[in-house]
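**Student:** My questions are about this predicted structure, shown below with the sequence.
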Amino acid sequence: MREEIKKPKLTKKQRNLIKAVILHFVLICASFGFIFPFLWMLFTALKTPQELLLGFQQFFPKDPQWGNFVTAVTKIPFFMYLKNSLIIVTLSVIGTLFSSTTAAYAFAKLRWRGRDKWFVIMLATMMIPIQVILIPTYIMYSYIGWLSTRLPLIVPAFFGGGAAFYIFLLRQFFKGIPKELTESAIIDGANHLQIFFKIMLPLSKPALLTVALFTFMATWNDYFGPLIFLSNPDHWTLAIGLRSFQTQFGGRYDLMMAASILIMLPTLILFFIAQKSFIEGITFTGIKG
Amino acid sequence: MKKLLLTLLFLLTALSVFGCAEDTDTDKTEIMFWHMSPVGSPSYSGMKTLINDFNDSQDLYVVKGIGFSFWDYWDKISVAIASRTAPNIGLSTIDDVVSRASTGALFDITTLMENDTTGVNTIDLNEYRQSQMDFATFEGDLYAMPFTATTRALYYNLDMFREIGLTEDDVPETWSELKTVAKMFDKVDTDGTIERLGFDPTYGDATYHGWLWETGLDFFDENLNPTLNTQGHVDVLNWILDFNSNFTRSQLSAFGEANTMLGLNPFAAERVAMIIGNDGLYQTIINSGATFDYGVSMIPIPDENGIHVNWGSGFSLEMYDNGNNTEAEIQGAFEFYKYLLSEDVQIQLAEINGWIMGHIDGMNEYVKDKPIMQALLAEVDYARDKVYVPYAPSWHGNDWQSYYTQILNGELTPEEGLLAARNHYLEKQQNYNSVNN
Amino acid sequence: MKTSSIKQLRKQENLIGHLFASPWLLGITILGAFPILASLYISFTTYDMIAAPKFIGLKNYIILFTNDEIFWKSLYNTFYHVFISVPLGLVVGISLALLLNNKIKGMSIYRTLFYLPNVVSIVAMALLWMWLFQPNFGIINEILKPVYRFLGMEPLQWYQAAKTSKITLILMGLWTAGGTMVIYLAQMQDIPVSLYESAEVDGANWLQKTFNITLPLMTPSIFFNFIMSIIGGFQVFTIAYIMTNGGPSRSTYYYAYYMFDKMMNDHSMGMASAMAWILLVIILIITLFALRLNKYVVYLGEES
């Protein structure tokens, strides 16, 4: 055996330290660009109306108006809007998870007549902008009398409405789960329902979390759907309430930013919690080696 | 985990069931009124009081008002009209009333006035401007009433005037005076960046057609064919281009960067000494808490043969015909309609929303102690609305803007730009006619 | 005997497939059919959203293709946008995910920071972009001043010049790469740690591990984001609406913007619907073509 003369290398510990330092440096630099809009929102929320006029000439507020956060909450029927948002969003998340996982499994792992044709149709539904189907959709809901309820924003979720994105996403993830797993389960006598609940779903936790998170965010921030399809103002959501700070003459941007930040917080917190599980990961007891 | 989800699901379904509003049973006819003061806006409580006062004053009808934020209101009302689920009374724009009247979406106000049985709050047409009512007339009858009246005027910063030794008498009245006075205010940094500007004909609410009208020209002739092909049109563009020719267009747009959505206005921020602003600028300045001394006067006109005119429009008050309105609804809506147009309520509406309302005497009363509003109100008498062109409803907006900015940037000469714009309108006219005949 | 049981199995799988897909199938055929088919019908009519639609056959389509110069301009702008933003978006998204898939301290915070623009209001983002890209007082041109001087060129006018406006908007769009990053991170969690460990035993460095393990196993989500960014790219609108109003010189007047104007400003809902269906056909053709690539590009757990 030849002794290879190696140059003195860094120890693994030293290599990791350097790697960590470089990473931190790069990330901090890049983060600044990403955190700026949030900082701007925060500072705007804390400024006085006069300071707002100065625009970029004055970045920091001189006398932070923390009271703006209180005003933002008290000026609009915050808690009624919050309740409505929670109802609509939670039911939408549950409904979307239900209808998108089932459809994705059908597209990914099952063979049925017309599957590929329906897959293309599903993709095609993402290619139609909402504005051109808005009026017919509105007329349809008006006809069946749903406009006075919250149903137009809840029921479609349980039937895959607006879920083409998630169906496609989950289909990709399901397809990535090795055939061997499902095949051996079938040999063991499992039916598809059991495979679905005991193999596919547990192994797709990161994907399911992503779908839940994205659905939450999209529904939580959606003002257009509630605006058009909820004719009863008692059903309005936080996203609509936010817009009442914006008036014809410019509006109170300080209050608007304060309200925006408050409304933004749940999504941020949820994201933080969700992505933590991305680090933990899933130890995959694979069949190979 | 599953248990948690299930309990959550149960709770929420329960909430949503109980959360449904119970309708109070009344014998009164419910009238729906849509306006632009949502809960949480400064004008919300005022509007609510106004509506409650009407409801308390009689016991046949109860008006329910829903306010949408200004930017959302238009989406809402257009979907409602398209689906024939419009409210009994709502606001729209006065310049295109004809498009709704001609398709049967509106109730005939003249007929309603003639058949008015209660005689309460009768509408006095002398209190409203004929020029606005002309826009709301279709086949001889009124289909809407002018609710508000807007205008554009010259705003000038008096503090800045005094700073360089000028007085209110020096406020310019002609185009050449405007240029001379404006140049006195320009302040430039050592490295060439603009610090302060006197005036620019493209800032604020100034428009090309606004300047054009002062020379007696327009975009369209009486038959709604596009013009834009005379030397006069070119001359106005050249005047606009030459005004601040010592600066580049990019410098000027950066300096005057204004954006209502983002709350930026160069006059309120004291970057310019004079600006063309609409009546809303008055509110913006109040809202921003700016404290400088300023005044309002007429927009300067061309030195020779200049016409005193400005672009003004307004909201219209309309009653919507869904094809299934009951007689009681129509009568009740009309009672509220008259209420909204009565003098005292018009004054209240001005106070609540900061708008210049349509009622002439009412507004004269309202502005008695507000000198700036008096000046603005005086300009309303010279306001003219833009003609409604069916084949190009936004002829002054997205149809014209790209050619205008290309001319301003120097990418096209005025002649080239006007020619391209004219061809664009002709193309639109052609396409519209081939589809609608 | 054997053949009949296979037939039975196939029939069963067919039934179960339909069963699993039934919520979505019911949704699209009951809730989705009417609005979609109605919009198709409207595209053959003239409809100003007040009076009832009036049938005019193919006139809208003919006008768009033969007598509308802005139609082609907006189509060109949109294709330009798609061809540049899709590859760029993929590279940035994957790079971000690779960067943020390390187990160093504070990774959670970094990931949240990079995702922040997707959560923040679009108004705040617009202000950020103005602060960065404003040709006269923006930070980017301030930083690049010495570079401009060295190259002897005028400062770039970013979103205020027709030549650079589309690229500027594409760069602005990169701020929301956090969205695709999340999907990549989720996919990366499914990569068995054992694969990396055995690679390290064989002496592989970070680059080799990435290109031989990570990227191939990420192809399902890369492909997903590829298709989605094509579909989304063709519908680009909001950013131009907020930042440039379609200008300068209609350089950022995208197809969806023109369609929006047709609907909201011209009140030509029929024409707008025709535009929507034309766009759908275009995106569908390109997507079907891209789906073909699936076979060659995506490594699926199904194949060994």
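**Tutor:** Arrived safely. Numbers count the residues shown, from 1 in each chain, chains lettered A, B, ... in the order given.
**Student:** CA atoms for contacts and neighbours, from now on please.
**Tutor:** Fine.
**Student:** need the contact list for residue C:17.
**Tutor:** For residue C:17, the contact set (CA atoms under 8 Å, 6 or more residues apart in numbering or on different chains) comprises A:106, A:107, A:110, A:111, A:112.
**Student:** Can you say which helix or strand has the residue of the stretch 101-250 of chain B found nearest chain C in it?
**Tutor:** Per CA to the nearest CA, residue B:103 is where the stretch 101-250 of chain B lies closest to chain C, at 5.5 Å. Under the criterion DSSP states H and E, no helix or strand holds residue B:103.
**Student:** Could you do residue C:191 as well?
**Tutor:** Going by DSSP H and E, residue C:191 is not part of any helix or strand.
**Student:** who in the stretch 101-250 of chain B is up against chain C?
**Tutor:** B:103, B:104, B:105, B:250 (CA under 8 Å from any CA of the partner chain).
**Student:** quick one: contacts for the last one?
**Tutor:** Read it as residue B:250. By CA under 8 Å, 6+ apart, the residues touching residue B:250 are B:409, C:136, C:160.
**Student:** What is the nearest of those residues to chain A?
**Tutor:** Nearest to chain A, judged by CA to the nearest CA, of the contacts of residue B:250 is residue C:136 at 12.6 Å.
**Student:** SS state for the closest one?
**Tutor:** coil (DSSP: H, G, I helix; E, B strand; the rest coil).
**Student:** what about it, neighbour count?
**Tutor:** 20 (other CA atoms under 10 Å in any protein chain shown).
**Student:** Could you tell me the model confidence score at it?
**Tutor:** With respect to pLDDT, residue C:136 has a value of 76.
**Student:** What's the separation between the nearest residue to it once chain neighbours are set aside and residue C:242?
**Tutor:** Nearest residue to residue C:136, sequence neighbours excluded (CA to CA, 6 or more residues apart in numbering or on different chains): residue B:254, at 6.4 Å. Applying CA to CA, to the nearest Å, the value for residue B:254 to residue C:242 is 16 Å.
**Student:** And residue B:213, by the same measure?
**Tutor:** Going from residue B:213 to residue C:242 by CA to CA gives 30 Å.
**Student:** From the residues of the stretch 101-250 of chain B next to chain C, list just the buried residues.
**Tutor:** Neighbour-count burial (16 or more other CA atoms under 10 Å in any protein chain shown) is assigned, among these, to B:104, B:105, B:250.
**Student:** For the first one, which non-adjacent residue is closest in space?
**Tutor:** If I follow you right, that is residue B:104. Residue nearest to residue B:104 in three dimensions, not counting chain neighbours: residue B:321, with 7.1 Å by CA to CA, 6+ apart.
**Student:** OK, contacts around that neighbour?
**Tutor:** Listed by CA under 8 Å, 6+ apart, the contact set of residue B:321 reads B:84, B:86, B:88, B:104, B:105, B:106, B:107.
**Student:** Between the buried ones among the residues of the stretch 101-250 of chain B next to chain C, which sits nearest chain A?
**Tutor:** Chain A lies nearest to residue B:105 out of those, by CA to the nearest CA, at 16.3 Å.
**Student:** and the longest helix for the chain?
**Tutor:** This is for chain A. Longest helix in chain A, counting residues (DSSP state H): helix A:12-45.
**Student:** Switch to chain B, please.
**Tutor:** Criterion DSSP H: the longest helix present in chain B is helix B:414-436.
**Student:** Format the CA atom coordinates belonging to that helix as CSV.
**Tutor:** Taking C-alpha atoms only, helix B:414-436 is exported to CSV below (Å, rounded to 0.1, in the frame of the first residue of the first chain):
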residue,chain,number,x,y,z
PRO,B,414,-44.9,65.8,-30.6
GLU,B,415,-46.0,65.3,-34.2
GLU,B,416,-45.1,61.6,-34.2
GLY,B,417,-46.7,61.0,-30.9
LEU,B,418,-50.0,62.7,-31.8
LEU,B,419,-50.1,60.8,-35.1
ALA,B,420,-49.5,57.5,-33.3
ALA,B,421,-52.2,58.3,-30.8
ARG,B,422,-54.7,59.4,-33.4
ASN,B,423,-54.1,56.2,-35.3
HIS,B,424,-54.7,54.3,-32.1
TYR,B,425,-58.0,55.9,-31.5
LEU,B,426,-59.0,55.4,-35.1
GLU,B,427,-58.2,51.7,-34.8
LYS,B,428,-60.2,51.5,-31.7
GLN,B,429,-63.2,53.2,-33.3
GLN,B,430,-63.0,50.8,-36.3
ASN,B,431,-62.9,47.7,-34.0
TYR,B,432,-65.7,49.0,-31.9
ASN,B,433,-68.0,49.7,-34.8
SER,B,434,-67.3,46.4,-36.4
VAL,B,435,-68.4,44.6,-33.2
ASN,B,436,-71.3,46.8,-32.2
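**Student:** ok, back up a step: nearest to residue B:329, of the contacts of residue B:250?
**Tutor:** Nearest to residue B:329 among the contacts of residue B:250 is residue C:160, at 52.5 Å by CA to CA.
**Student:** Which parts of the stretch 101-250 of chain A are helices?
**Tutor:** For the stretch 101-250 of chain A, the helices defined by DSSP state H, counting those that start in this stretch cover A:115-124, A:130-143, A:151-158, A:164-175, A:179-187, A:192-195, A:201-203, A:205-221, A:224-229, A:238-243.
**Student:** pLDDT weak spots in the stretch 151-289 of chain A?
**Tutor:** Low-confidence segments of the stretch 151-289 of chain A (pLDDT under 70): A:250, A:278-289.
**Student:** any idea how far residue B:95 is from the residue nearest to residue B:104?
**Tutor:** In terms of CA to CA, residue B:321 sits 19 Å off from residue B:95.
**Student:** try residue C:68
**Tutor:** For residue C:68, the distance to residue B:95 (CA to CA) stands at 27 Å.
**Student:** out of these two, which sits in the busier spot?
**Tutor:** Neighbours per residue, other CA under 10 Å: of residue C:68 and residue B:95, the larger number sits with residue B:95, 23 against 15.
**Student:** residues in contact with that one?
**Tutor:** Contacts of residue B:95 (CA under 8 Å, 6+ apart): B:135, B:136, B:313, B:314, B:385, B:386, B:387, B:388.
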